[in-house]
Structure formats: C-alpha cells, structure tokens
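Peer 1: Task: produce atomic coordinates for the following.
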Amino acid sequence: MANGAGAAGGRSAFSRLGLLARFSLLLDKADDRQIDEGLRAGAQLKGATPWILMLAIFVASIGLNTNSTAVIIGAMLISPLMGPIMGIGYGVGIYDFELVRRSFAGLGVATGISLATSALYFSLSPLTGEQSELLARTSPSIWDVQIALFGGLAGIIGSTRKEKSNVIPGVAIATALMPPLCTAGFGLAKGNWAFFFGAFYLFAINSVFIALATTAMTRALNLPRHTYVDKAVQARVRRLLVAVALLTALPSVYLAWRMVGEELFSAKARAFIAREFAFPGTHLLETSVSPKTRELTVTLVGEPVAQTTLQDVRARLSEAGLAGAALRVFQTREPVDVLASQGDDADKATLLARKLLAEREAAITRLKGELAARDAPWLDHAQDMASELAAQWPGIKDVVIGAGTTTETVGALGEAAATAAHGKTKRPATPGEAVLSAPPEEQNAAAEQPPGPDTAFLSATMTRRPSTAERKRMEAWFQARTKAPAVRVQIGVAPPPRKAKRG
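Peer 2: Modelled structure (predicted):
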C-alpha cells in the first residue's frame with residue numbers, strides 16, 4: 001500500500017512538473033549573447049533602415065489616404081520602428097543606459113523622418129478627405145494601452161526564442177506604430193492639431209508600453225545585467241517607470257470613459273428614434289446622432305408630423321436618458337429621388353419609395369371605404385334589408401342594394417318614356433324581360449333629374465310585374481329604411497321555370 005501511494009504521489013509530482021515545463025519560458029529560450037546581439041542590432045537606425053522606414057511611411061500614408069486596410073497592414077510589416085522601442089526597454093531592463101540613450105536617439109530620428117515624410121505626402125496629395133482609417137487613430141483609449149502592453153510582451157518573448165517566428169510581424173500589426181505617425185503627419189500638413197495630438201498620443205502610448213513590457217520580460221527572464229547598480233539606482237528606475245506609465249495611461253482612462261459615454265448616448269438615441277418616430281404614412285429617411293454635441297437629427301418622408309406631436313417627443317428625451325440633448329427634425333413631402341441616389345443608398349431609396357407607394361394606395365383605399373360608409377350608411381345593413389324584402393314580398397330574389405349615381409343616358413331614357421306615353425309600345429312584359437317598375441311619366445322626370453352620389457339603389461327580380469301600389473310601398477319602405485335623400489328601385493320579371501317534356 002505504501003509503495004502504491006508513493007508511486008501515485010510521484011506521478012502527480014511528475015505531472016505538475018510536466019505542466020510547468022510546458023509553460024516555461026526557459027524551454028526554448030535563445031542564448032543570452034544571441035538575444036543581446038539581436039536586440040542591440042534592431043535598435044540601430046543606420047544603413048538601409050532609414051530608407052526602408054521612409055518607404056514604409058509612404059506606403060502607410062497612401063493606405064490611409066485611400067482608406068485601404070491591406071496597404072496599411074503591409075506598411076506595418078515593413079516598418080523598422082519596433083527595434084528602437086524594444087532597445088529602450090531592453091536597455092532599462094539590463095541597466096545599460098548607453099543603449100537606452102542610443103535607442104532614444106534612434107527613435108527620435110525615426111519619428112522625425114516619419115512625420116516629415118508623411119506631412120510631405122499629405123501636403124502634395126490631391127485626396128484631402130478625412131478617411132475612416134485616419135479618424136480611427138485620433139482617439140486613443142485605455143484599450144490601446146492594453147494592446148501595446150500585451151503586444152510588447154509577445155514581442156519580447158518572440159525575440160528571445162531560438163527559432164524566430166511570425167510574432168514580431170504580428171506585434172507590428174497589432175500595436176500599429178506606423179499609422180499614428182502618418183496620421184500625425186496628416187495633421188501637420190493640414191494644420192489640424194486635433195489630428196496631430198490625438199495620433200501622436202496614440203504613438204506615445206504604443207511606444208511607452210511596448211518598452212515597459214520589454215523591460216518587465218527582460219527582468220522576468222533574468223537576462224544578465226550590463227553593469228552593477230546599487231539599490232538606490234534600482235529604486236529610482238522603478239519609480240521613474242511607474243511615473244511614466246501613469247502619466248501616459250491616465251489621459252487614456254479619461255478618453256475611454258468619454259468613449260463609453262458617447263457609445264451609451266448613441267445607443268440610447270438610436271433606440272429612442274426607432275421607438276418614437278413610428279408614425280403611419282411617415283418614414284425615417286435618415287438619422288444622425290452626434291454624441292459630442294448631443295444632437296439627434298431626423299429626416300422624415302411622407303405625411304408631416306404635427307409640431308405638437310414633435311414637442312411631446314422632445315419632452316420624452318429626459319425619460320430616455322437623453323436629458324439636455326437637442327432634437328432636430330426635417331420633414332418633406334417630396335418623393336424619394338431614386339435616380340439621384342447611388343449604391344446602397346439607391347437600394348434603400350427604391351425600397352422606401354415602394355413602401356411609401358404601397359402605404360399610400362392602402363390609405364386611399366381605406367379612405368374611400370370610410371367615405372362610402374359615411375355617405376351610404378345603409379350599405380352596412382344591406383343583408384338585413386334583403387331578408388326583410390323576402391319576408392314582405394315572397395318570391396323576390398337576386399336582391400342587390402347599392403349607392404352611387406345612375407349611368408343611363410338621359411336622352412335614351414327620355415325617348416323611351418315619351419314613346420310609352422303616346423301608347424306606341426304598350427304591351428305586357430314578356431317572361432325574362434326586365435322592365436322599370438315606374439310609369440313612363442315618372443321615368444321621364446327621373447331622366448331629367450339624374451340622382452346624385454347619395455342615391456340608394458335597389459335591384460331585384462320577381463316572378464311577376466309588381467303593381468303600382470306594391471312599387472310605391474316598396475319605394476316608401478326602402479326610403480324609410482335607408483334614410484337616403486333619393487332612392488331608385490328597379491324590379492325585373494324572372495322567367496317561369498320550364499316544364500319537363502313528356503316522353
């Protein structure tokens with residue numbers, strides 16, 4: 001039992017040692033002399049290095065000017081700026097202050113070359129727009145500090161390995177040393193000091209925290225010191241490093257806090273606009289939210305929204321967490337100009353135009369129905385009236401009740417009435433023939449005074465011609481039932497059913 005327990009304990013210890021060995025930074029570490037030579041060589045800025053730097057700056061500036069991410073990444077891979085920065089951190093870590101001085105000088109020269117080259121390019125370039133790739137380098141935050149710190153740690157670890165990998169190129173892309181310098185050059189060329197200081201601060205963050213990460217990893221790997229320094233000097237160096245880190249990072253904390261506030265404002269504003277500007281017949285053509293000026297701009301197309309309604313919407317800004325924000329609303333009845341739009345805007349405009357047209361047609365149909373129901377309320381009771389007719393006049397069928405105007409030609413109706421009045425065409429109705437139930441003189445009067453759109457119509461068929469008394473009673477009932485200003489009753493005579501032939 002004791003031997004078994006001992007064996008289990010040995011395996012457990014071996015497993016722990018194996019796990020620690022897997023994460024050991026000493027496992028594939030290069031020779032100390034090789035590490036020292038590589039970092040010192042990278043810190044030098046002479047020979048072909050300045051030319052490579054200038055060419056990389058031109059490439060990065062073109063990428064920023066044309067908003068090409070791929071070109072910017074290529075420039076970051078070419079850039080030799082990482083060498084002097086890591087040289088500073090390595091020199092501080094081994095207390096080689098001469099190396100620190102030379103690395104600072106090299107970084108200063110590289111920075112000057114970069115600013116001058118990029119400013120020259122942007123002053124000559126015909127493209128003067130502030131592209132999104134430029135704007136992205138003007139607002140550093142605490143997240144950029146973290147990127148530089150973690151990237152710097154990865155960079156120094158990669159530089160101390162026996163086999164060189166793609167760590168250094170990856171760090172160059174992640175920490176993005178070139179684009180901020182080129183953006184600062186753009187600010188110099190255009191006299192835009194907000195661009196210059198914002199971008200240069202991002203470059204300072206990257207440089208400082210890559211150097212600090214290099215110093216920390218140099219100490220962690222216990223690389224040999226260049227010279228002996230006493231405890232007091234070490235303490236002064238530590239205090240200086242902490243002070244530099246704090247002075248560099250604190251503004252980024254404030255900028256990050258402001259960025260988060262702006263993002264929250266934008267999210268609340270867009271949710272407010274989507275919720276409050278859902279009006280029938282009106283559509284949002286464009287929205288704009290400016291967190292810096294705390295302004296919400298809305299462009300509406302379609303039916304105008306009343307000013308009282310807009311005032312109510314503005315009053316609800318504080319309830320949505322947008323107190324102090326300004327709401328500007330632009331409204332237009334003009335149709336969407338699809339042909340003047342381009343690309344995605346054209347697709348958006350086309351869809352919006354179609355939607356507006358469909359909603360307008362639906363609104364017209366609805367209003368027509370409401371107008372008909374208002375001018376002809378008896379149509380709502382047409383089914384009941386048909387049932388009442390069948391109860392009062394058995395045998396009546398094919399009942400149709402409507403509203404509108406007559407479509408008979410006045411001249412034709414008057415001529416037929418005159419012919420009947422002179423007795424030229426007096427005959428009983430033949431089966432299957434539809435006849436007007438009114439006498440000729442009334443038909444003539446009706447022809448001379450055609451009904452208006454507020455006339456109620458009744459059409460039906462009976463197996464016999466109704467008498468004059470029945471017709472008048474039916475008209476009186478229809479008049480009382482519909483309460484229409486005028487009524488027209490037309491009764492047709494239906495043919496009798498055919499008798500079956502005997503064999």
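Peer 1: now the strands for the stretch 251-400 of the chain?
Peer 2: 282-290, 295-302, 326-332, 397-404 (DSSP state E, counting those that start in this stretch).
Peer 1: Surely residue 320 touches residue 270?
Peer 2: No: here residue 320 does not reach residue 270: they are 10.7 Å apart, not a contact under CB atoms under 8 Å. From N, CA and C alone the C-beta is placed, and that goes for glycine too.
Peer 1: quick one, which of the strands of the stretch 251-400 of the chain is packed in tightest?
Peer 2: Mean neighbour count (mean count of other CB atoms under 10 Å) peaks for strand 295-302 among the strands of the stretch 251-400 of the chain, with a mean of 19.
Peer 1: Can you tell me what sits against it?
Peer 2: Contacting residues not belonging to strand 295-302 are listed as 269, 272-273, 277, 279, 281-290, 322, 325-334, 336, 352, 356, 359 [CB atoms under 8 Å, 6 or more residues apart in numbering].
Peer 1: roughly how far out does that strand sit from the chain middle?
Peer 2: 15 Å (CA atoms, centre = their mean, to the nearest Å).
Peer 1: Please apply the same query to stretch 131-142.
Peer 2: 21 Å.
Peer 1: CA atoms only: put it into PDB for me.
Peer 2: The C-alpha coordinates for stretch 131-142 follow below in PDB (Å, rounded to 0.1, in the frame of the first residue of the first chain):
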ATOM      1  CA  GLN A 131     -10.900  58.800 -44.200                       C
ATOM      2  CA  SER A 132     -12.100  56.500 -41.500                       C
ATOM      3  CA  GLU A 133      -8.700  54.900 -41.200                       C
ATOM      4  CA  LEU A 134      -7.300  58.300 -40.300                       C
ATOM      5  CA  LEU A 135     -10.100  59.100 -37.900                       C
ATOM      6  CA  ALA A 136      -9.500  55.800 -36.100                       C
ATOM      7  CA  ARG A 137      -6.100  56.900 -35.000                       C
ATOM      8  CA  THR A 138      -7.100  60.200 -33.300                       C
ATOM      9  CA  SER A 139      -9.000  58.900 -30.300                       C
ATOM     10  CA  PRO A 140      -6.700  56.600 -28.200                       C
ATOM     11  CA  SER A 141      -8.100  54.900 -25.000                       C
ATOM     12  CA  ILE A 142      -7.200  52.500 -22.300                       C
END
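Peer 1: buried stuff in that stretch?
Peer 2: If you call a residue buried by 16 or more other CB atoms under 10 Å, then stretch 131-142 has these buried ones: 133, 134, 137, 138, 139, 140, 141, 142.
Peer 1: Contacts for it next, please.
Peer 2: Stretch 131-142 is contacted by residues 63-69, 72, 176, 179-180, 183, 186, 194-195, 198-199, 201-202, 205, 249, 252-253, 255-256, 259 when judged by CB under 8 Å, 6+ apart.
Peer 1: Got a PyMOL select line for the buried ones in those residues?
Peer 2: This is the PyMOL syntax for the buried subset of the contacts of stretch 131-142, where burial follows 16+ other CB under 10 Å:
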select buried, resi 63+64+65+72+176+179+180+183+186+195+198+199+201+202+205+249+252+255+256+259
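Peer 1: coming back round to it: tell me which of the buried residues of stretch 131-142 is nearest to residue 461?
Peer 2: residue 133 (81.2 Å; CB to CB).
Peer 1: Can you name the residues that contact residue 161?
Peer 2: 28, 29, 30, 167.
Peer 1: Please disregard the earlier target; I meant residue 259.
Peer 2: Counting by CB under 8 Å, 6+ apart, residue 259 has contacts 139, 141.
Peer 1: hang on, the earlier thing: possible to save the strands of the stretch 251-400 of the chain as TSV with mean pLDDT and distance to residue 129?
Peer 2: Formatted as TSV, the strands of the stretch 251-400 of the chain follow (pLDDT from 0 to 100; distance: least, CB to CB, whole Å):
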stretch	mean pLDDT	distance to residue 129
strand 282-290	84	18
strand 295-302	86	21
strand 326-332	86	25
strand 397-404	80	63
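Peer 1: Tabulate those (a markdown table), appending distance to residue 477.
Peer 2: Below are these laid out as a markdown table (distance: least, CB to CB, whole Å):
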| stretch | distance to residue 477 |
| --- | --- |
| strand 282-290 | 48 |
| strand 295-302 | 47 |
| strand 326-332 | 53 |
| strand 397-404 | 12 |
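Peer 1: Quick one: closest of these to residue 123.
Peer 2: Nearest of the strands of the stretch 251-400 of the chain (CB to CB): strand 282-290, 29.7 Å.
Peer 1: what stretches of the protein score poorly on pLDDT?
Peer 2: 1-21, 165-166, 333-361, 365, 367-376, 404-454, 496-503 (pLDDT under 70).
Peer 1: Now with 50, please.
Peer 2: 1-2, 14, 337-343, 408-452, 502-503 (pLDDT under 50).
Peer 1: can you list the domains in it?
Peer 2: 24-228, 272-370, 378-493 (automatic domain parsing).
Peer 1: Which residue ranges of the stretch 101-250 of the chain form helices?
Peer 2: Counting by DSSP state H, counting those that start in this stretch, the stretch 101-250 of the chain has helices at residues 132-135, 142-159, 167-175, 178-190, 193-220, 231-276.
Peer 1: Can you add distance to residue 263 and give the domains of the chain back as CSV?
Peer 2: Formatted as CSV, the domains of the chain follow (distance: least, CB to CB, whole Å):
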stretch, distance to residue 263
domain 24-228, 11
domain 272-370, 8
domain 378-493, 55
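Peer 1: Can you tell me which of the ones you listed is most buried?
Peer 2: Highest mean neighbour count among the domains of the chain (mean count of other CB under 10 Å): domain 24-228, a mean of 19.
Peer 1: so residue 84 sits right up against residue 106, yeah?
Peer 2: Yes: assessed by CB under 8 Å, residue 84 is found in contact with residue 106 at 4.1 Å.
Peer 1: Overlap of the contact sets of those two?
Peer 2: Common neighbours of residue 84 and residue 106 (CB under 8 Å, 6+ apart) are 43, 45.
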